[in-house]
Structure formats: structure tokens, C-alpha cells
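Undergrad: take this sequence and fold it.
(chains A and B)
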Protein chains: 2
Amino acid sequence: MTDSSDNHASAGPLTRAGRSRRDVLKFGSAATLGAVLGGGAVLGHATPAPAGSTGLLAPNEPLEILIVNYDGGTLLDFAGPSEVFHRLPNTNVRYASLDGGNVTLEFGVVYGKTERLADIHRTDVILVPGGSNLSVPMRPAYQAQIRRLAESAKHVTSVCNGSLVLAATGVLQGKRSACHWAFVNKLAEYGAIPVPDRFVEDDNGRFMSGGGVTAGIDFALRVAAKLRGQQAAEYTQLVIEYDPDPPFHAGHPREARPELVAMVDKKLPGASKGLARIPGVR
Amino acid sequence: MTDSSDNHASAGPLTRAGRSRRDVLKFGSAATLGAVLGGGAVLGHATPAPAGSTGLLAPNEPLEILIVNYDGGTLLDFAGPSEVFHRLPNTNVRYASLDGGNVTLEFGVVYGKTERLADIHRTDVILVPGGSNLSVPMRPAYQAQIRRLAESAKHVTSVCNGSLVLAATGVLQGKRSACHWAFVNKLAEYGAIPVPDRFVEDDNGRFMSGGGVTAGIDFALRVAAKLRGQQAAEYTQLVIEYDPDPPFHAGHPREARPELVAMVDKKLPGASKGLARIPGVR
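TA: Below is the predicted model of the structure:
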């Protein structure tokens, strides 16, 4: 088994490192991804994965993706992935919450017309996004539905601190997982293995996860490449013009100015240790 | 007047260029942004803009941002900016559509509880996101509301092909604007000046715009730096973990494989010339 995250894992705990090192990691991980896909090629020149090469799902089989919604969730945690997934061939994206209907996300944003989790028989991919308050999805009834769907899913995925919600169900026991940098080490409290990286996979892609909020876009493109082939992923990246150009080097404690990390620590004590507290998590 | 986009504008029409050149542009534009902000410093070390230095809005004044929603819009076009804007100090983000209530976005995604445009007296910032079908916001009643609010706004902004909606109202006459790469040159049909870049500003920030879909995140961080100060923008970038790491070099025709651009051209004739057709646009 080769995890594309292995290249990143060596970065270890949260430390400050220059952009140049990060770029080396970036190219390394992309090359490994090519190998995982089975095309044996690197950046932009790999062929789609051979059908069934992972023993999971061939790119031409219909794909069902379920996004778990809940009150207190963060819009961008799933809006990035949903924008990618909706554009993939032969792929159906559904949204569900415990009671169905509208959910009220962080900042009072209303996301509408979700299905009821209990009405979903099964799904190929389950995605649990994160939020600013995890009290609702940590409730036993939510946890039971997420556990049921995750156990029968081919791919169990999460973005941001949605990984804590998933880990709390027990399905990430002994599995490597990403999470928002401020919460990543809390994964250990639920028996998962924290990996402070932007994309992580384990068990040859049965488990895939992304870091905080915007990492959902990078996560989704990697999931897309794995499940629908690299060409579909690249096409989607082109259509959503994902050619990022952040104005500052401030997107991770590794490169942000220390006073900014201190500001987060003040608001979310424990953040710089990856142990920030959040409602719903012990 | 110094536009941070000037560094990018020299890139000219859509051509393929290597990542290294792009990185040079990236650092150049960030340095210029620092200068625009008035801190006289570069990446990560500028001080907040002095109050009123742009003659527009001081970082400590309350800020009202209005996001225009409509049936057929694209979720990520505004989900990126909204995730940034909601986290800024002293900033209120509102959502409105012509009739208020729910809007049905691209792919049937339901976005809820918008206000009625007619009920919004004025706003400091108006943001028009793009969509896959612009028929609705191109209707005269929508156009009249957008024009009214844009004319009285301090900052007139758009993301993706929302720039076409804004330009159709006439408020971008003679103004430089960004747009999704597949549609950017259609801006000229409405009297605006197409700039094939990820972030563009004109009139010292009265007009600011972003490229396609995911460009809304970069756009919003630059708007945040300009209106709330660089520290607030960097803090937000850290909280949403915006440290992008795309798996492929496929996010823009400048670097995507030609066969991918050809695929988009097949689905959206004229795309590679920046002249793709879209419902609602002549």
C-alpha cells in the first residue's frame, strides 16, 4: 500500500518551514498519486486508473456520494468538495441530515432541502464535513447513522474537524486521518492516528481525509482522481479555475507569523498544539 | 493609483506559462498589495491600512457586505468569499435575491433564507457571484436592483462570470474586470475591460473582481486586506487553513494540458477564446 500522504507525514508536528520545502513535498506527493492511480506517470500525464485496480470502485461504475449536513456545520468545508463532485462523470451527490430539510450552518447560513439520513440505504462515499460546533453530530442518533453508512461505504471520508465526528463513531480506530490543524491531535482521543497534513489516505483509499476548511478542494480533487480517473479530476480543476494564488503566506502555522498563531490560540486555547476545544468534543 | 493587478495584467491573453513565472508574479503582486495597504511593507509584515487612506472605508468602521443570490448561481463562487467575510471584525454579511427566500443554485443545491433585494437600502460592498445559467439575474428587475445597490456601494465586486451580470447593468463601463477564463472576453460586449487574471481592481479598489469559482477565495482575502487590514486577512487565511496544494497543474488554460482545454471547448464552444456562450448572455 502506498499512501500519497506518506511524503507529507514526515513533516511531523506543526513547525514553521519555508515555501520551497513545501513545494518539494507538493511535487513528491503528486508523483506518488500518479503511481497510486496506476498510470505510472506524474503530473498531468498519467492515464486513468485501470478499472478495479484498487479493488474498490472502477471509474466507469456509477458513484454515489453522500454529504452529511448538520446545524453548526461550516459551509466551505463541503462547498469545495460538492463543487468538484457534482462535475464528475457518472456521479450523484446527495445531502442528508438527521431530520432532513433545512440545516442552519455556522454564521446562520441556511442550507436547504437535505434528505433524512435514515432514508439513505447506503452510499459509495460518505463525507463528513466540519463545523464550529459539533454538539449536534456528536449526539448518539447522528453518530449511529454516520456509523451505519460509513461501515457499508466503500470510501469513508471527512474534511476539517468532521474527522473528529467520524472518529467518534469508532470507524477510524487505528486509521491515519487529517483534520483542521487546530484540532488534529484530538483524533488520538478517539483512537485515530493524527496526521498534520492537507490530504491523508489509509487502507489504499478506503479512508481519505482533508485538513481545514479550504483543504476540502484539494481533498476532493484527489478523491476525484482516485475514483473517476485523473483526467476527470484535471478537467474539473480547470473548470473551477483552481489555480490558487493566496495573497499571504499565512495558511498554516508552519508559515504564518507567530503573532497570528498566538491570536488563534487566544480565541481557541490549545490550537497551536492541535488540541483546541470545540463544543461537542470531550 | 496603483492596482495590485498591474503585475498580472502584463500576462496578456491566455497563454501557457510555467509555474516558476507564476510564482514571480505572485510575490510581485503581494508586495504591491502591501504598498496599496499603506503599511509600506511586504508579505506578512505590513501594518493595517491607516484609516481613510484610500478615501473609501476605514478598517474600524462597521462594514456591510451584500451577496446577491439567484437561481442558477454557483455555490462555491460565493461560499469562498462568505467564509472569509463572516470571519472579519466588525463586518456583517447579508444574502439577498429578487424575491427573497430560497434560491435553487446549480446542480439543484438549495440556498435558503435570502432577504429581498428591494428591502436592502444600501450596502458598503456588493458582491455578484457567477453561475451556470445567468438568465435570471440578467432580467430587467434583477438588473435594476443590482444597478441601484452598486451605484450607492463603496465597493462594487464580482466573482467568476458574475462580472458579466454586473457589467450588463452598465456600472463597469470602462472599468477593468476579472471573470472566469472561459467568459472573460465577453466583458467587452458590455463596455468593461477584460483582464484575464485571478484578481483585478480598478479605481483604487472601488471595483474589485475575481476569476472563476475558486478565485473567490483569493479575491476575498485581498478584499479583506484592503477593507479590514492585512492582519485580519492573514488571521482569516490561517483559520480557514488556506495553504493550497492542488494535485495537478490544471487550474488554468495557461498550464492545463491542451487536450483538457479542448474538452472544455467542446462542451462550451468559444471557451479558450474567453467567449463561451452561457444562457442569459447575448
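Undergrad: quick one: the helices in the stretch 1-150 of chain A, in order.
TA: For the stretch 1-150 of chain A, helices defined by DSSP state H, counting those that start in this stretch occupy the ranges A:6-9, A:19-37, A:75-85, A:140-152.
Undergrad: check those helices for me: which has the lowest mean pLDDT.
TA: Mean pLDDT is lowest for helix A:19-37 among the helices of the stretch 1-150 of chain A, at a mean of 29.
Undergrad: quick one, strands of the stretch 1-150 of chain A?
TA: A:63-68, A:91-97, A:101-104, A:110-116, A:125-128 (DSSP state E, counting those that start in this stretch).
Undergrad: out of the ones you listed, which comes closest to B:A118?
TA: strand A:110-116 (20.1 Å; C-beta to C-beta). C-beta: built from backbone N, CA, C; applies to glycine.
Undergrad: give the rounded mean pLDDT of the closest one.
TA: Mean predicted confidence for strand A:110-116 is 93.
Undergrad: orientation of it relative to strand B:110-116 in degrees?
TA: 150 degrees (axes from the mean of the first three to the mean of the last three C-alpha atoms, to 10 degrees).
Undergrad: helix or strand right after the strand or helix carrying A:V156?
TA: Per DSSP states H and E: A:V156 is located in strand A:155-159. Moving toward the C-terminus from strand A:155-159, the next helix or strand (DSSP H and E) is helix A:162-168.
Undergrad: residues making contact with that following helix?
TA: Under the contact criterion C-beta atoms under 8 Å, 6 or more residues apart in numbering or on different chains, helix A:162-168 has outside partners A:68, A:77, A:127-131, A:134, A:137-138, A:142-143, A:146, A:150, A:156, A:158, A:172, A:177-179, A:183, A:186-187, A:190-192, A:209, A:278, A:281.
Undergrad: return a ChimeraX selection command for the buried portion of these.
TA: The ChimeraX selection below is limited to those of the contacts of helix A:162-168 classed as buried (16 or more other C-beta atoms under 10 Å in any protein chain shown):
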select /A:68,77,127,128,129,130,131,134,137,138,142,143,146,150,156,158,172,177,178,179,183,186,187,190,192,209,278,281
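Undergrad: can you pull the phi/psi pair for A:G210?
TA: phi -120, psi 160 (degrees, to the nearest 10).
Undergrad: nope, A:C160 is what I meant
TA: Dihedral angles (degrees, to the nearest 10) for A:C160: phi 60, psi -150.
Undergrad: count the neighbours of it for me.
TA: 33 (other C-beta atoms under 10 Å in any protein chain shown).
Undergrad: name the nearest residue to it, ignoring sequence neighbours.
TA: Distances taken as C-beta to C-beta, 6 or more residues apart in numbering or on different chains put A:G130 closest to A:C160, at 3.0 Å, once the chain neighbours are dropped.
Undergrad: can you pull the pLDDT of that neighbour?
TA: 98.
Undergrad: sorry, back to before: now the strand holding A:V156, how far from the centre of its chain.
TA: Chain-centre distance of strand A:155-159: 6 Å, with C-alpha atoms, centre = their mean, to the nearest Å.
Undergrad: partner strands of that strand, with direction?
TA: strand A:125-128 (parallel), strand A:207-210 (parallel) (DSSP bridges).
Undergrad: quick one: closest of those to A:K266.
TA: strand A:207-210 (26.0 Å).
Undergrad: what residues does the closest one touch?
TA: Counting by C-beta under 8 Å, 6+ apart, A:81, A:155-160, A:163, A:172, A:175-179, A:198-201, A:216, A:218-220, A:222-223, A:226 sit against strand A:207-210.
Undergrad: now with 6 Å?
TA: Strand A:207-210 has contacts (C-beta atoms under 6 Å, 6 or more residues apart in numbering or on different chains) with A:156-159, A:163, A:175, A:177-178, A:199-201, A:216, A:219, A:223.
Undergrad: could you give the mean pLDDT of the next helix or strand after it?
TA: Next along the chain after strand A:207-210, taking DSSP H and E as the criterion, comes helix A:215-228. For helix A:215-228, mean pLDDT rounds to 97.
Undergrad: how far out from the middle of the chain is helix A:215-228?
TA: For helix A:215-228 - counting by C-alpha atoms, centre = their mean - the centre lies 9 Å from the chain centre.
Undergrad: just the CA coordinates for the following helix or strand past that helix, please, in CSV.
TA: Using DSSP H and E, the next helix or strand after helix A:215-228 towards the C-terminus is helix A:230-239. C-alpha atoms of helix A:230-239 as CSV (Å, rounded to 0.1, in the frame of the first residue of the first chain):
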residue,chain,number,x,y,z
GLN,A,230,-7.0,11.7,-13.3
GLN,A,231,-8.5,13.2,-16.5
ALA,A,232,-11.8,13.9,-14.9
ALA,A,233,-10.1,15.5,-11.9
GLU,A,234,-7.9,17.7,-14.1
TYR,A,235,-10.9,18.7,-16.2
THR,A,236,-12.8,19.7,-13.1
GLN,A,237,-9.8,21.6,-11.7
LEU,A,238,-9.7,23.6,-15.0
VAL,A,239,-13.4,24.3,-14.9
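Undergrad: from the chain's centre, how far out does the next helix or strand after helix A:230-239 sit?
TA: Using DSSP H and E, the helix or strand that follows helix A:230-239 in sequence is helix A:258-267. Distance of helix A:258-267 from its chain centroid, counting by C-alpha atoms, centre = their mean, is 24 Å.
Undergrad: same question for stretch A:66-80.
TA: Worked out by C-alpha atoms, centre = their mean, stretch A:66-80 lies 11 Å from the chain centre.
Undergrad: give me the contact list for that stretch.
TA: Against stretch A:66-80 from outside (C-beta under 6 Å, 6+ apart): A:94-95, A:97, A:103-106, A:109, A:114, A:123, A:126-131, A:133, A:136-137, A:159-160, A:213, A:216-217, B:75-76, B:79, B:83.
Undergrad: what do you get for stretch A:272-282?
TA: For stretch A:272-282, using C-beta under 6 Å, 6+ apart, the contacting residues are A:133-135, A:138, A:164, A:182-186, A:261, A:265, A:268, A:270.
Undergrad: and which of these is nearest chain B?
TA: A:V261 (7.1 Å; C-beta to the nearest C-beta).
Undergrad: report the contact partners of that closest one.
TA: By C-beta under 6 Å, 6+ apart, the neighbours of A:V261 are A:P253, A:S272.
Undergrad: can you tell me how far it sits from A:K273?
TA: Noted for A:V261: a distance of 11 Å to A:K273, by C-beta to C-beta, to the nearest Å.
Undergrad: now do A:K175
TA: The gap separating A:K175 from A:K273 is 22 Å, by C-beta to C-beta.
Undergrad: for the stretch 101-250 of chain A, which residues are neighbours of chain B?
TA: By C-beta under 6 Å from any C-beta of the partner chain, the part of the stretch 101-250 of chain A that sits against chain B consists of A:102, A:107, A:110, A:112-113, A:198, A:211-215, A:218, A:221-222, A:234-235, A:237-238, A:240-250.
Undergrad: same thing but at 7 Å, please
TA: Within reach of chain B by C-beta under 7 Å from any C-beta of the partner chain, the stretch 101-250 of chain A has these residues: A:102, A:107, A:110-113, A:180-181, A:198, A:211-215, A:217-218, A:221-222, A:225, A:233-235, A:237-250.
Undergrad: so how do I select the buried members of those in PyMOL?
TA: Command for PyMOL, covering only those of those found buried under the criterion 16+ other C-beta under 10 Å:
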select buried, chain A and resi 102+111+112+113+180+181+198+211+212+213+214+215+217+218+221+222+225+233+234+235+237+238+239+240+241+242+243+244+245+246+247+248+249+250
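Undergrad: quick one on the thing from earlier: and of the strands paired with strand A:155-159, who's closest to A:P89?
TA: The closest of these to A:P89 is strand A:125-128. By C-beta to C-beta, the value is 14.7 Å.
Undergrad: how far out from the middle of the chain is that closest one?
TA: For strand A:125-128 - counting by C-alpha atoms, centre = their mean - the centre lies 9 Å from the chain centre.
Undergrad: could you do stretch A:227-240 as well?
TA: 17 Å.
Undergrad: what is the neighbour count of A:N60?
TA: Count around A:N60 with other C-beta under 10 Å applied: 12.
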